[in-house]
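S.K.: Here's my sequence, what's the structure:
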Amino acid sequence: MALGVALGAYAAHASKGAAHPEAARLLQTAVLYQLVHGIGLIATGLLATQRTSRWLAAAGSLFVAGIALFCGSLWTLALSGTSGGPIAPVGGTAFIAGWIALAIHAGRLRL
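M.R.: Residues are numbered from 1 along each chain as shown. Okay, here's the model as predicted:
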């Protein structure tokens, strides 16, 4: 979460001289998704204090992968102007799968 805040502050300045004309919007989206999924990682950690499962481990791993792939690809596009291919959709799919895995784990808890 701290990295997301720091990157958000950096993005406010980095977008001014960035290669992509929509850099400010791309970086804003990348930071927003990083922070939202950071909250997902916190939820994953809190649930792990009750009971762990493969679903919970998958959720955490998928959130981290989504942050790296989705957010990373937006940063790359914004600052370099080049796309690394269809990496953002893979990261977005990881985000969705992570939330589904987290929901399955939470649904299986007997509170």
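
S.K.: Only C-alpha atoms from now on, for both contacts and neighbour counts.
M.R.: Noted.

S.K.: which residue sits closest to Ala106, ignoring its sequence neighbours?
M.R.: Leu47 (7.6 Å; Cα to Cα, 6 or more residues apart in numbering).

S.K.: Let's see the pLDDT reported for that neighbour.
M.R.: On pLDDT, Leu47 comes in at 90.

S.K.: Would you mind measuring from it to Ser15?
M.R.: Distance of Leu47 to Ser15, given as Cα to Cα, to the nearest Å: 37 Å.

S.K.: Settle it for me: which of these two has more neighbours?
M.R.: Per other Cα atoms under 10 Å, whichever of Leu47 and Ser15 has more neighbours is Ser15, with 21 against 17.

S.K.: Surely the more buried one touches Leu79?
M.R.: Yes - the criterion here is Cα atoms under 8 Å, and Ser15 meets it with Leu79 at 7.4 Å.

S.K.: Tell me the residues that contact both of those two, please.
M.R.: With contacts taken as Cα atoms under 8 Å, 6 or more residues apart in numbering, the residues that reach both Ser15 and Leu79 are Ala23.

S.K.: how close does the residue nearest to Ala106 sit to Gly66?
M.R.: Counting by Cα to Cα, the gap from Leu47 to Gly66 is 20 Å.

S.K.: Same question for Trp55.
M.R.: Separation of Trp55 from Gly66 (Cα to Cα): 16 Å.

S.K.: Pick out whichever of these two has more residues nearby.
M.R.: For Trp55 versus Gly66, neighbours defined as other Cα under 10 Å are more numerous around Gly66 (27 against 18).

S.K.: how about stretch 103-111: buried residues?
M.R.: Buried residues in stretch 103-111, counted by 16 or more other Cα atoms under 10 Å: 105-106.

S.K.: For that stretch, which outside residues touch it?
M.R.: Under Cα under 8 Å, 6+ apart, the answer for stretch 103-111 is 47, 51, 53, 55-56.
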